[in-house]
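# heads up, no residue letters with this:
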(Lines give C-alpha, C1' and ligand atoms only; values in the text may rest on other atoms or scores of the structure.)
Protein backbone atom coordinates (compact mmCIF):
# COMPACT_ATOMS: atom_id res chain seq x y z
CA UNK A 1 0.00 0.00 0.00
CA UNK A 2 1.56 3.29 -1.08
CA UNK A 3 1.09 6.56 0.72
CA UNK A 4 -1.62 7.72 -1.64
CA UNK A 5 -3.82 4.70 -1.02
CA UNK A 6 -6.22 4.86 1.94
CA UNK A 7 -7.42 1.98 4.03
CA UNK A 8 -11.05 1.07 3.30
CA UNK A 9 -13.18 1.01 6.45
CA UNK A 10 -16.33 -1.12 6.45
CA UNK A 11 -19.30 0.57 8.13
CA UNK A 12 -20.22 -0.87 11.55
CA UNK A 13 -23.96 -0.57 10.85
CA UNK A 14 -25.83 -1.29 7.64
CA UNK A 15 -26.39 1.72 5.46
CA UNK A 16 -29.98 2.10 4.38
CA UNK A 17 -30.49 3.23 0.83
CA UNK A 18 -33.66 4.09 -1.09
CA UNK A 19 -33.18 0.96 -3.13
CA UNK A 20 -33.54 -1.28 0.00
CA UNK A 21 -36.95 0.08 0.97
CA UNK A 22 -38.22 0.71 4.51
CA UNK A 23 -41.66 -0.87 4.29
CA UNK A 24 -40.79 -3.89 6.46
CA UNK A 25 -38.26 -2.27 8.78
CA UNK A 26 -39.23 -2.11 12.53
CA UNK A 27 -37.21 -0.84 15.49
CA UNK A 28 -38.06 -2.46 18.86
CA UNK A 29 -36.88 -1.28 22.26
CA UNK A 30 -36.94 -3.21 25.52
CA UNK A 31 -39.00 -1.60 28.30
CA UNK A 32 -37.35 0.80 30.72
CA UNK A 33 -38.88 2.00 34.00
CA UNK A 34 -38.77 5.78 34.02
CA UNK A 35 -40.70 6.16 37.30
CA UNK A 36 -41.02 3.65 40.11
CA UNK A 37 -43.67 3.63 42.88
CA UNK A 38 -42.85 5.09 46.29
CA UNK A 39 -43.60 3.59 49.71
CA UNK A 40 -46.76 5.03 51.25
CA UNK A 41 -47.65 5.57 54.92
CA UNK A 42 -51.19 6.81 55.43
CA UNK A 43 -54.20 6.65 57.74
CA UNK A 44 -57.24 4.40 57.58
CA UNK A 45 -59.89 5.57 55.12
CA UNK A 46 -57.52 7.52 52.86
CA UNK A 47 -57.00 7.10 49.10
CA UNK A 48 -53.48 6.18 47.96
CA UNK A 49 -51.86 6.26 44.52
CA UNK A 50 -48.88 4.22 43.28
CA UNK A 51 -47.25 5.48 40.07
CA UNK A 52 -45.37 3.20 37.66
CA UNK A 53 -44.22 4.54 34.26
CA UNK A 54 -42.33 2.59 31.60
CA UNK A 55 -41.10 3.35 28.10
CA UNK A 56 -40.32 1.05 25.21
CA UNK A 57 -41.40 0.09 21.72
CA UNK A 58 -43.96 -1.37 21.53
CA UNK A 59 -45.46 0.46 24.50
CA UNK A 60 -45.01 -1.73 27.62
CA UNK A 61 -47.97 -3.32 29.38
CA UNK A 62 -48.26 -2.54 33.09
CA UNK A 63 -49.55 -5.13 35.58
CA UNK A 64 -50.15 -4.59 39.31
CA UNK A 65 -50.56 -7.14 42.10
CA UNK A 66 -49.92 -7.47 45.82
CA UNK A 67 -47.54 -9.81 47.59
CA UNK A 68 -47.69 -11.19 51.10
CA UNK A 69 -45.73 -13.73 53.11
CA UNK A 70 -46.72 -17.33 52.43
CA UNK A 71 -47.87 -19.73 55.14
CA UNK A 72 -44.33 -21.09 55.54
CA UNK A 73 -43.20 -17.65 56.73
CA UNK A 74 -40.33 -17.59 54.24
CA UNK A 75 -41.63 -17.37 50.69
CA UNK A 76 -44.03 -14.81 49.24
CA UNK A 77 -47.19 -15.33 47.26
CA UNK A 78 -49.20 -13.20 44.88
CA UNK A 79 -52.60 -12.04 46.10
CA UNK A 80 -55.30 -9.96 44.50
CA UNK A 81 -55.78 -6.23 44.83
CA UNK A 82 -58.42 -4.91 47.26
CA UNK A 83 -61.72 -5.90 45.66
CA UNK A 84 -63.97 -3.05 44.58
CA UNK A 85 -61.56 -0.37 45.80
CA UNK A 86 -58.57 -0.70 43.42
CA UNK A 87 -58.40 0.98 40.00
CA UNK A 88 -55.55 0.86 37.45
CA UNK A 89 -55.45 3.94 35.25
CA UNK A 90 -52.63 4.78 32.80
CA UNK A 91 -50.22 2.62 34.75
CA UNK A 92 -51.22 4.12 38.10
CA UNK A 93 -52.72 2.02 40.87
CA UNK A 94 -55.35 3.83 42.97
CA UNK A 95 -56.67 2.20 46.15
CA UNK A 96 -59.59 3.88 47.91
CA UNK A 97 -60.67 3.72 51.57
CA UNK A 98 -57.60 1.78 52.69
CA UNK A 99 -57.65 -0.34 55.84
CA UNK A 100 -54.91 -2.15 57.77
CA UNK A 101 -55.86 -5.32 55.86
CA UNK A 102 -54.58 -3.63 52.69
CA UNK A 103 -51.04 -3.38 54.03
CA UNK A 104 -48.34 -5.17 52.08
CA UNK A 105 -46.04 -4.95 49.08
CA UNK A 106 -47.58 -3.67 45.84
CA UNK A 107 -45.68 -4.79 42.73
CA UNK A 108 -45.60 -3.22 39.27
CA UNK A 109 -44.43 -5.30 36.28
CA UNK A 110 -43.74 -3.92 32.79
CA UNK A 111 -43.14 -5.95 29.61
CA UNK A 112 -43.62 -5.52 25.86
CA UNK A 113 -42.53 -8.83 24.41
CA UNK A 114 -39.06 -7.65 23.40
CA UNK A 115 -36.58 -10.12 24.80
CA UNK A 116 -37.48 -12.05 27.90
CA UNK A 117 -37.10 -9.19 30.37
CA UNK A 118 -39.98 -8.31 32.70
CA UNK A 119 -39.18 -5.20 34.69
CA UNK A 120 -40.38 -5.13 38.28
CA UNK A 121 -40.68 -2.44 40.94
CA UNK A 122 -42.38 -2.61 44.32
CA UNK A 123 -43.57 -0.27 47.07
CA UNK A 124 -45.00 -0.93 50.52
CA UNK A 125 -48.26 0.34 52.00
CA UNK A 126 -48.59 0.99 55.75
CA UNK A 127 -51.99 2.01 57.13
CA UNK A 128 -52.06 3.67 60.54
CA UNK A 129 -55.13 3.69 62.79
CA UNK A 130 -55.54 6.22 65.61
CA UNK A 131 -55.62 4.56 69.06
CA UNK A 132 -59.11 3.88 70.39
CA UNK A 133 -60.17 2.52 73.80
CA UNK A 134 -61.91 -0.82 74.02
CA UNK A 135 -62.31 -0.47 77.80
CA UNK A 136 -62.19 2.77 79.79
CA UNK A 137 -61.60 3.19 83.55
CA UNK A 138 -64.55 4.10 85.77
CA UNK A 139 -64.71 6.36 88.82
CA UNK A 140 -64.30 4.46 92.08
CA UNK A 141 -65.06 5.00 95.74
CA UNK A 142 -62.81 2.86 97.92
CA UNK A 143 -62.37 2.70 101.67
CA UNK A 144 -59.06 3.13 103.45
CA UNK A 145 -56.66 0.18 102.93
CA UNK A 146 -58.87 -1.16 100.16
CA UNK A 147 -57.91 -2.06 96.58
CA UNK A 148 -58.69 0.17 93.61
CA UNK A 149 -58.63 -1.26 90.09
CA UNK A 150 -58.85 0.75 86.88
CA UNK A 151 -59.17 -1.04 83.54
CA UNK A 152 -57.75 0.45 80.33
CA UNK A 153 -57.52 -1.40 77.01
CA UNK A 154 -56.67 0.27 73.68
CA UNK A 155 -56.10 -0.83 70.10
CA UNK A 156 -54.73 0.76 66.93
CA UNK A 157 -52.26 0.22 64.11
CA UNK A 158 -49.48 0.01 65.03
CA UNK A 159 -50.55 -1.21 68.50
CA UNK A 160 -50.29 1.72 70.93
CA UNK A 161 -48.29 1.87 74.14
CA UNK A 162 -50.54 2.25 77.18
CA UNK A 163 -49.34 4.07 80.29
CA UNK A 164 -50.82 5.68 83.41
CA UNK A 165 -50.17 8.92 85.27
CA UNK A 166 -51.77 10.47 88.30
CA UNK A 167 -52.99 13.96 87.53
CA UNK A 168 -50.43 16.40 88.90
CA UNK A 169 -47.58 13.87 88.79
CA UNK A 170 -44.94 13.45 86.09
CA UNK A 171 -44.28 9.78 86.82
CA UNK A 172 -45.20 7.49 83.91
CA UNK A 173 -46.41 3.99 84.77
CA UNK A 174 -46.13 1.65 81.79
CA UNK A 175 -47.68 -1.80 81.36
CA UNK A 176 -45.86 -4.51 83.27
CA UNK A 177 -44.28 -2.16 85.84
CA UNK A 178 -44.68 -1.61 89.58
CA UNK A 179 -44.48 1.73 91.39
CA UNK A 180 -44.76 1.24 95.13
CA UNK A 181 -48.34 0.25 95.91
CA UNK A 182 -49.34 0.81 92.28
CA UNK A 183 -48.98 -1.90 89.65
CA UNK A 184 -49.86 -1.86 85.95
CA UNK A 185 -50.54 -5.28 84.45
CA UNK A 186 -49.44 -6.34 80.98
CA UNK A 187 -52.93 -5.65 79.62
CA UNK A 188 -52.89 -2.09 81.03
CA UNK A 189 -54.98 -2.49 84.20
CA UNK A 190 -53.90 -0.25 87.10
CA UNK A 191 -54.22 -1.70 90.62
CA UNK A 192 -53.60 0.27 93.83
CA UNK A 193 -53.06 -1.85 96.94
CA UNK A 194 -53.74 -0.54 100.46
CA UNK A 195 -55.38 2.69 99.34
CA UNK A 196 -54.53 5.78 101.41
CA UNK A 197 -56.08 9.24 101.64
CA UNK A 198 -53.32 10.78 99.51
CA UNK A 199 -54.10 8.34 96.66
CA UNK A 200 -57.33 10.20 95.92
CA UNK A 201 -57.45 12.06 92.60
CA UNK A 202 -57.72 11.61 88.85
CA UNK A 203 -55.81 8.77 87.16
CA UNK A 204 -55.10 9.28 83.46
CA UNK A 205 -54.68 6.44 80.95
CA UNK A 206 -52.92 7.36 77.70
CA UNK A 207 -52.59 5.31 74.50
CA UNK A 208 -49.79 6.51 72.22
CA UNK A 209 -48.49 5.45 68.79
CA UNK A 210 -47.11 7.08 65.64
CA UNK A 211 -50.73 7.38 64.47
CA UNK A 212 -51.62 9.68 67.39
CA UNK A 213 -52.73 9.53 71.00
CA UNK A 214 -55.92 9.13 73.04
CA UNK A 215 -56.53 9.96 76.70
CA UNK A 216 -59.15 8.90 79.24
CA UNK A 217 -59.31 9.27 83.01
CA UNK A 218 -61.21 8.26 86.13
CA UNK A 219 -61.47 9.59 89.68
CA UNK A 220 -60.54 7.71 92.84
CA UNK A 221 -62.36 8.75 96.01
CA UNK A 222 -60.91 7.40 99.24
CA UNK A 223 -63.26 7.22 102.23
CA UNK A 224 -62.63 6.67 105.92
CA UNK A 225 -65.14 5.16 108.33
CA UNK A 226 -65.83 8.58 109.84
CA UNK A 227 -66.55 9.96 106.35
CA UNK A 228 -69.35 7.50 105.68
CA UNK A 229 -72.85 8.45 106.81
CA UNK A 230 -74.77 5.78 108.73
CA UNK A 231 -77.32 3.69 106.82
CA UNK A 232 -80.91 4.88 106.71
CA UNK A 233 -83.91 2.61 107.26
CA UNK A 234 -86.31 3.59 104.47
CA UNK A 235 -89.06 1.12 105.43
CA UNK A 236 -89.43 -0.34 108.90
CA UNK A 237 -91.80 -2.90 110.48
CA UNK A 238 -95.06 -1.97 112.17
CA UNK A 239 -96.83 -3.55 115.14
CA UNK A 240 -99.15 -6.33 114.06
CA UNK A 241 -101.97 -8.34 115.71
CA UNK A 242 -102.58 -11.60 113.87
CA UNK A 243 -104.70 -14.71 114.40
CA UNK A 244 -103.03 -17.90 115.48
CA UNK A 245 -101.49 -20.09 112.75
CA UNK A 246 -101.04 -17.27 110.25
CA UNK A 247 -97.89 -15.98 108.59
CA UNK A 248 -96.36 -12.70 109.78
CA UNK A 249 -94.49 -10.50 107.32
CA UNK A 250 -92.37 -7.68 108.75
CA UNK A 251 -90.71 -5.50 106.07
CA UNK A 252 -87.37 -3.77 106.52
CA UNK A 253 -85.42 -1.88 103.85
CA UNK A 254 -82.31 0.25 104.32
CA UNK A 255 -80.10 2.49 102.16
CA UNK A 256 -76.42 3.32 102.50
CA UNK A 257 -72.99 3.15 100.92
CA UNK A 258 -71.64 0.57 101.05
CA UNK A 259 -74.91 -1.41 100.96
CA UNK A 260 -75.90 -2.23 104.57
CA UNK A 261 -76.59 -5.73 105.88
CA UNK A 262 -79.97 -6.20 107.56
CA UNK A 263 -80.27 -8.34 110.71
CA UNK A 264 -83.30 -9.12 112.88
CA UNK A 265 -83.19 -9.60 116.65
CA UNK A 266 -85.70 -11.05 119.13
CA UNK A 267 -85.21 -10.21 122.78
CA UNK A 268 -81.75 -8.82 121.85
CA UNK A 269 -80.73 -12.11 120.19
CA UNK A 270 -80.06 -12.39 116.45
CA UNK A 271 -82.56 -14.46 114.52
CA UNK A 272 -81.07 -17.06 112.20
CA UNK A 273 -82.07 -20.25 110.43
CA UNK A 274 -80.27 -22.18 113.15
CA UNK A 275 -82.08 -20.44 116.02
CA UNK A 276 -85.57 -21.03 114.58
CA UNK A 277 -86.92 -23.04 111.68
CA UNK A 278 -89.98 -20.78 111.48
CA UNK A 279 -88.19 -17.53 110.67
CA UNK A 280 -86.65 -16.50 107.35
CA UNK A 281 -85.01 -13.23 106.33
CA UNK A 282 -85.51 -12.54 102.62
CA UNK A 283 -82.79 -10.88 100.47
CA UNK A 284 -84.78 -7.62 100.61
CA UNK A 285 -84.55 -7.66 104.42
CA UNK A 286 -88.16 -8.66 105.08
CA UNK A 287 -88.69 -11.05 108.02
CA UNK A 288 -91.18 -13.86 107.47
CA UNK A 289 -92.48 -15.87 110.47
CA UNK A 290 -94.20 -19.08 109.47
CA UNK A 291 -96.92 -20.62 111.59
CA UNK A 292 -95.71 -24.17 110.93
CA UNK A 293 -93.50 -25.72 113.56
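Okay, I see it. Please read all numbers here as calculations on a predicted model, not as lab measurements. Numbering: from 1, shown residues only.

# averaged over its residues, what pLDDT does stretch 135-150 have?
Mean per-residue pLDDT for stretch 135-150: 94.

# Flag every buried residue along it.
Under the neighbour-count criterion of 16 or more other C-beta atoms under 10 Å, stretch 135-150 has 137, 140, 142, 148, 150 buried. Bear in mind the C-beta positions are built from the backbone N, C-alpha and C, glycine included.

# Can you verify my assumption that residue 139 contacts residue 218?
Yes: counting by C-beta atoms under 8 Å, residue 139 does reach residue 218; the two are 5.1 Å apart.

# before we move on, back to that, out of the buried residues of stretch 135-150, who's nearest residue 120?
Within the buried residues of stretch 135-150, the smallest distance to residue 120 is 50.6 Å, found for residue 137 (C-beta to C-beta).

# can I assume that closest one is in contact with residue 190?
Yes: counting by C-beta under 8 Å, residue 137 does reach residue 190; the two are 7.4 Å apart.

# Which ones among the buried residues of stretch 135-150 lie within helices?
Among the buried residues of stretch 135-150, no residue falls in helices (DSSP state H).

# right, and the pair among those residues with maximum separation?
137 and 142 (13.1 Å).

# Check residue 6 and give its pLDDT.
48.

# follow-up on the earlier one: hey, what's in contact with both of residue 137 and residue 190?
Jointly contacting residue 137 and residue 190 under the rule C-beta atoms under 8 Å, 6 or more residues apart in numbering are 150, 152, 203, 205.

# so, if you compare these, which one comes nearest to residue 252?
residue 150 (35.8 Å).

# Give the bridge partners for that closest one, please.
Beta-bridge partners of residue 150, counted by DSSP bridges, are residue 190.

# contacting residues around residue 64?
50, 52, 81, 86, 88, 93, 106-109.

# who does it bridge with?
residue 108.

# what does residue 279 give?
Going by DSSP bridges, residue 279 forms beta bridges with residue 289.

# how many neighbours does it have?
17 (other C-beta atoms under 10 Å).

# List the contacts of it.
Per C-beta under 8 Å, 6+ apart, neighbours of residue 279: 264, 271-273, 287-290.

# where in the stretch 101-250 of the chain is pLDDT low?
115-116, 225-228 (pLDDT under 70).

# one more time with 90
Counting by pLDDT under 90, the stretch 101-250 of the chain has low-confidence residues at 110-120, 143-144, 223-248.

# how about the strands in it?
104-111, 119-135, 140-143, 148-150, 153-157, 161-166, 173-174, 177-179, 182-184, 190-192, 201-209, 212-223, 232-235, 248-250 (DSSP state E, counting those that start in this stretch).

# possible to save those strands as JSON lines with distance to residue 34?
Below are those laid out as JSON lines (distance: least, C-beta to C-beta, whole Å):
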{"stretch": "strand 104-111", "distance to residue 34": "10"}
{"stretch": "strand 119-135", "distance to residue 34": "10"}
{"stretch": "strand 140-143", "distance to residue 34": "64"}
{"stretch": "strand 148-150", "distance to residue 34": "57"}
{"stretch": "strand 153-157", "distance to residue 34": "34"}
{"stretch": "strand 161-166", "distance to residue 34": "42"}
{"stretch": "strand 173-174", "distance to residue 34": "49"}
{"stretch": "strand 177-179", "distance to residue 34": "53"}
{"stretch": "strand 182-184", "distance to residue 34": "54"}
{"stretch": "strand 190-192", "distance to residue 34": "56"}
{"stretch": "strand 201-209", "distance to residue 34": "37"}
{"stretch": "strand 212-223", "distance to residue 34": "37"}
{"stretch": "strand 232-235", "distance to residue 34": "84"}
{"stretch": "strand 248-250", "distance to residue 34": "93"}
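
# So the nearest residue to residue 215 once chain neighbours are set aside versus residue 168, what's the distance?
Take residue 215 and drop its neighbours on the chain: the residue closest to it by C-beta to C-beta, 6 or more residues apart in numbering is residue 206, 5.2 Å away. For residue 206, the distance to residue 168 equals 15 Å [C-beta to C-beta, to the nearest Å].
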